[in-house]
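Asks: Need a 3D model of the following:
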Amino acid sequence: MHPLLKKAIKERFPLNELQQKAFREISSGKSVLIIAPTGSGKTEAALMPVFNAILENNLKPLSALYIAPLKALNRDLLDRLLWWGERLGLSVEVRHGDTSAYRKAKQVKNPPHLLIITPETLGVILTMKSFRKALSNLEFVIVDEIAELASNKRGAQLTLALERLSGIAEFQRIGMTATLGNEEEIREWLKAEAIVKPGWRKEYRIHVLYPRADEKDSELAGRLNLPLDVATRLRILWNIIEEHGKALIFTNTRQFAEILAHRLKAWGKPVEVHHGSLSKEARLQAEKALKEGKIRALICTSSMELGIDIGDVDVVIQYMSPRQVNRLVQRIGRGGHRLGEVSEGYVIASNVEDYLQSLVIAKHALDGKLEAVKPYENALDVLAHFIVGLLIERRRLPKEEPFEIARRAYPYRNLSWEDYGAVLKLLMDARLIGYDEERELLYLRRGAYQYYYENLSTIPDEISYRVLDVKSGHIIGRLDESFVMDLEEGMEFVMHGRSWILLKVDEDAGILRVRESKSLESAIPSWEGEMIPVPFAVASGVGRLKRELVFDFERGKALLEGVIFREEELRRAVDEIRDEVFSTDKDIVVESTPKALLVHGDFGNRANEALGRFIYSFLRMRYGNVFAIRSQAHAVVFKTPFQLNPEEVKGYLFQEPDAMEFILTRAMRESTVYKWRMRNVARRSGALRRDAKIRRIERLFEGTVVEKETLNELFHDKLDVRTAEYILKEIKNGFLRVKTVLRKEPSKLARINMSVGGEFLLGGELEKDEILELFRRRILDTEVVLVCTNCGWVSRTKVGRLKERVRFLKCPRCGSIMIAAAHPIDAEEFLKALRKLKRGEKLEPKEERAYRKLIKASDLIQSYGFDGILALASYGTGPDSAARILAQYRGEALLAALMEQEKRFIRTRRFWVDKREREDSGEEP
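Replies: Numbering: from 1, shown residues only. Coordinates of the predicted model:
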């Protein structure tokens, strides 16, 4: 070891066992994959031998590349590595999209010894002639957080870029990742010759809590305006922090992090939030505040799973199930970060399903049963980009050379000549490349450079869509494309605490046309697109745990050995499901209710998505496009306009397993998500300009490589076809039982799976009186226009203000008591008609309808008082339907009837109807 390195190590810390092993292997010239838990010193394990080689052999810059997936990680790494650089007399710099042009130019003239980059930056520097000499000096390429890359297209792109780089320089590959389930496959993916792991096993103490709501928390619940059970969980969470000290609180989505931080701050607790959507400055400030002890906890998402330095953390709290074993291990590993320390973590569950899932994940983590990272294979759009990049480097190439280079990369080892030829044809048709048949050479064409640099990243540009409420004509907010891509017309979603039904996607204008649906309990929360999918092994483990616990509690409890939990909480969870409908690892249950059908199956998100789409295809074929589908980890939920026969749906599960892939392929082609994905694939392939607007994109690329890659992407990311086929085989062979049940009210587990999943909105399941109260408040807060049907006087007010005034209501101008309550547009139409009548002019049919509508409305207020105003102010209730309802109902029964009318109206009028129908039904134009 070089004396300077020895001295720096002595000043910093002695090398641990992992770092010594890595030093020996890398110094011997091997490419190495380092696999170790968070906090094991992987970064230094990779870099010490690299720094030593640079010093010992006096290597020229650029000696090493350090590739990390996150810019935030690069920034943190730079701070750490500059220390080593200063001690060793070596230059260390970072380069990514935010690096200034001046700094980039300086790096070309005077390359550093070590350059920290993102995978996308490698795609840029490979095409720079001015950087080629520096790249030819490379001896080492270090790839950090491989598990974050290998499973997606960024990883596939990186492997191709490394093959391009190997044509410029010979280098050792050094990879780093936290523990995972398929070590050998990831070693092959990196092309490493050896795996280096620590000789010790990381110790964890994992507590899983399912706190019961406590009346003592009612004061906190009242102060923060929260349901009692949510207040209880907040108290438990803060008690843990008080007991342990500095904490990281992980949530599964950005919105949960924001809302949880808001609740705790409202309670006066010193916390900050940290996630990828925040500005760099906000993240830095939050990290610094935790390091300096100005706050007690950082509420974060996956942005804090990786190696960002936030100092010592005493405890990690996961709020709600982490959904994957790897996630829990990575997150809890941030506490007790130092070598040999036990990492202590808590999971606070919000419902019985969340609790059982958390217990299984905790047990799998203790047993080392980690998920495999499935590499993305044969990404054909990435291959197209690679071919153009190679031609930018080399100008002209024999036709077979890109094919041969690509097949050296692990994700493309099985690439067929046919697929390669189809990609070449696509690029030629797009006029990005050409083929000289005489010389048998590929060459570049105009537009290739623009295409290449516009598509450096495989992460789609996050387009946001404006959400337009067609009732008010106002834009109510924006939704990210990643969420919108999973919506179908007619589906409901939650935004700003209210539920909306999607009427139409206007792609050209980037607008979603919606109406409020009032069905908050069955809509999709806007953060669902971020939710981590639960794998089959975890979901199946939950199924087994349910079966064992209900059959023999003690035997079931023994399955959780090592996990820290309270027996009374486990017994309570069992009591909650014992007499209910529930699935197991041996049982599927088809539960039919008047408004929904659920297929309870413990198969995980991706397998359930495949099963759900399979069943949906048969339902749609028979009944038309009247269903909405949502796949959860433990159930598939179909929203239905009528009660389905569960035996019919059971029959679909006995279809031939071999038909699964064909039926799913056909089903996905008809989905909105297919069109979204196809658009991104077409852009990345060069087949579609980034600004192009194509209405029927699925027809344009039918039968092409774009279609093939779109399906490849969907099956990799969304659908586990192989597991779904296995499930059908198990059903057919009698190893999985299918039970059916017909119910008037959904079971407890059905309600959990039908609910929004966002306790912060509503605090779990809503009771009927709570729903009615929310509905009543919403109507009271509705703005209406009071119109005198005699003289045309108008005044705006809210419904709630009229409760005490309605019996004294009369026109201040003419004294008439014939006052109508109306929507602003209806009022405007009426006034136009009234003015024409006063001039003695004949009304058009449309004007006559507008006039009669408000005359009827004023009659209803005269007859029914404030109840009449309530009815007219509710959505979808015109004067005729209001008169029918008012004649039958009073009090809470009236509210319930109006709420049902709204739901019925939304269900039957959710697509465009002609203006006459809208006006006659009471819907505003």
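Asks: what ranges do the strands span in the stretch 51-200 of the chain?
Replies: For the stretch 51-200 of the chain, the strands defined by DSSP state E, counting those that start in this stretch cover 64-67, 92-95, 114-117, 140-143, 172-177, 194-196.
Asks: how about these in TSV, adding distance to Gly335 and mean neighbour count?
Replies: Using the backbone N, CA and C atoms, a C-beta is placed for each residue, glycine as well. Converted to TSV, those look like this (distance: least, Cβ to Cβ, whole Å; neighbours: other Cβ atoms under 10 Å):
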stretch	distance to Gly335	mean neighbour count
strand 64-67	26	25
strand 92-95	28	23
strand 114-117	27	25
strand 140-143	26	24
strand 172-177	20	24
strand 194-196	24	19
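Asks: Mind checking these for the one nearest to Ala871?
Replies: Closest to Ala871 of the strands of the stretch 51-200 of the chain, according to Cβ to Cβ: strand 172-177, at 61.8 Å.
Asks: Using CSV, please lay out the strands of the stretch 51-200 of the chain together with distance to Leu5.
Replies: Shown next, in CSV, are these (distance: least, Cβ to Cβ, whole Å):
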stretch, distance to Leu5
strand 64-67, 14
strand 92-95, 14
strand 114-117, 14
strand 140-143, 15
strand 172-177, 17
strand 194-196, 19
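Asks: worst average pLDDT in the ones you listed?
Replies: Lowest mean pLDDT within the strands of the stretch 51-200 of the chain: strand 92-95, at a mean of 86.
Asks: That one packs against which elements?
Replies: Under the contact criterion of 3 or more Cβ pairs under 8 Å, 6 or more residues apart in numbering; DSSP states H and E, strand 92-95 touches helix 71-88, helix 101-109, strand 114-117.
Asks: do you know how far Leu644 is from Glu554?
Replies: Leu644 sits 39 Å away from Glu554, going by Cβ to Cβ, to the nearest Å.
Asks: neighbour count winner among the two?
Replies: Neighbour comparison, Leu644 and Glu554: the larger count goes to Leu644, with 20 against 8 (by other Cβ atoms under 10 Å).
Asks: For burial, what's the neighbour tally of the residue lying closest to the more buried one once chain neighbours are set aside?
Replies: Distance criterion Cβ to Cβ, 6 or more residues apart in numbering; nearest residue to Leu644, sequence neighbours excluded, is Leu597 at 4.8 Å. Leu597 has 25 neighbouring residues, counting by other Cβ under 10 Å.
Asks: does Thr177 really touch Ser151, like I thought?
Replies: No: between Thr177 and Ser151 there is no contact, the gap being 11.3 Å when judged by Cβ atoms under 8 Å.
Asks: circling back: of all the strands of the stretch 51-200 of the chain, which one is nearest Ala257?
Replies: Closest approach to Ala257 among those (Cβ to Cβ): strand 172-177, 24.8 Å.
Asks: other SSEs contacting that closest one?
Replies: Strand 172-177 sits against strand 32-35, helix 42-57, strand 140-143, helix 146-150, helix 183-190, with contacts defined as 3+ Cβ pairs under 8 Å, 6+ apart.
Asks: Leu88: which of these is closest?
Replies: Nearest to Leu88, of all those, is helix 42-57, at 5.7 Å by Cβ to Cβ.
Asks: Could you check the angle that closest one makes with strand 172-177?
Replies: Here helix 42-57 points in a direction 160 degrees away from that of strand 172-177 (axes from the mean of the first three to the mean of the last three Cα atoms, to 10 degrees).
Asks: Go through helix 42-57 and flag the buried ones.
Replies: 42-55 (16 or more other Cβ atoms under 10 Å).
Asks: One more: stretch 838-857?
Replies: Buried residues in stretch 838-857, defined by neighbour count with 16+ other Cβ under 10 Å: 843, 847, 849-851, 853-854, 856-857.
Asks: Over to stretch 325-343?
Replies: Of the residues in stretch 325-343, 325-337, 339, 343 count as buried by neighbour count, 16+ other Cβ under 10 Å.
Asks: same question, stretch 382-397
Replies: 382-393, 397.
Asks: Next: stretch 405-413.
Replies: Those would be 405-407, 409-412, for stretch 405-413 by 16+ other Cβ under 10 Å.
Asks: CA-only coordinates of it, as PDB, when you get a sec.
Replies: Output in PDB follows, covering the C-alpha atoms of stretch 405-413 (Å, rounded to 0.1, in the frame of the first residue of the first chain):
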ATOM      1  CA  ILE A 405     -21.200  -5.500 -29.300                       C
ATOM      2  CA  ALA A 406     -24.700  -5.400 -27.900                       C
ATOM      3  CA  ARG A 407     -24.700  -9.200 -27.300                       C
ATOM      4  CA  ARG A 408     -21.700  -8.900 -25.100                       C
ATOM      5  CA  ALA A 409     -23.900  -7.000 -22.600                       C
ATOM      6  CA  TYR A 410     -25.800  -9.300 -20.200                       C
ATOM      7  CA  PRO A 411     -29.300  -7.900 -20.900                       C
ATOM      8  CA  TYR A 412     -28.800  -8.500 -24.600                       C
ATOM      9  CA  ARG A 413     -27.100 -11.900 -24.500                       C
END
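Asks: For it, give me every contacting residue.
Replies: 155-156, 159-160, 162-164, 166-167, 188-191, 375-379, 383, 386, 390, 415, 420 (Cβ atoms under 8 Å, 6 or more residues apart in numbering).
Asks: For PyMOL, write the select line for the buried members of those.
Replies: Buried subset of the contacts of stretch 405-413, written as a PyMOL selection, criterion 16+ other Cβ under 10 Å:
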select buried, resi 155+156+159+160+162+163+164+166+189+190+191+375+376+378+379+383+386+390+415+420
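Asks: Can you flag which of the buried residues of stretch 382-397 belong to strands?
Replies: Counting by DSSP state E, these place Leu397 in strands.
Asks: List the residues that contact Glu203.
Replies: By Cβ under 8 Å, 6+ apart, the neighbours of Glu203 are 342-343.
Asks: Please tell me how far it sits from Leu366.
Replies: 9 Å.
Asks: Going by residue numbers, what spans are helices in the stretch 251-400 of the chain?
Replies: Secondary structure of the stretch 251-400 of the chain (DSSP state H, counting those that start in this stretch): helices located at 254-266, 280-291, 325-332, 352-367, 380-394.
Asks: buried sites along the longest one?
Replies: Of the residues in helix 352-367, those scored as buried under the neighbour-count criterion (16+ other Cβ under 10 Å) are 352-366.
Asks: Just the CA coordinates for that helix, please, in CSV.
Replies: Taking Å, rounded to 0.1, in the frame of the first residue of the first chain, the C-alpha atoms of helix 352-367 are listed here in CSV:
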residue,chain,number,x,y,z
VAL,A,352,-54.9,-5.6,9.7
GLU,A,353,-53.6,-6.4,6.2
ASP,A,354,-50.8,-3.8,6.6
TYR,A,355,-49.9,-5.4,9.9
LEU,A,356,-49.7,-9.0,8.7
GLN,A,357,-47.7,-8.0,5.6
SER,A,358,-45.3,-6.0,7.8
LEU,A,359,-44.8,-9.1,10.1
VAL,A,360,-44.0,-11.3,7.1
ILE,A,361,-41.6,-8.8,5.6
ALA,A,362,-39.8,-8.4,9.0
LYS,A,363,-39.4,-12.2,9.3
HIS,A,364,-38.1,-12.5,5.8
ALA,A,365,-35.6,-9.7,6.5
LEU,A,366,-34.3,-11.5,9.6
ASP,A,367,-34.0,-14.8,7.7
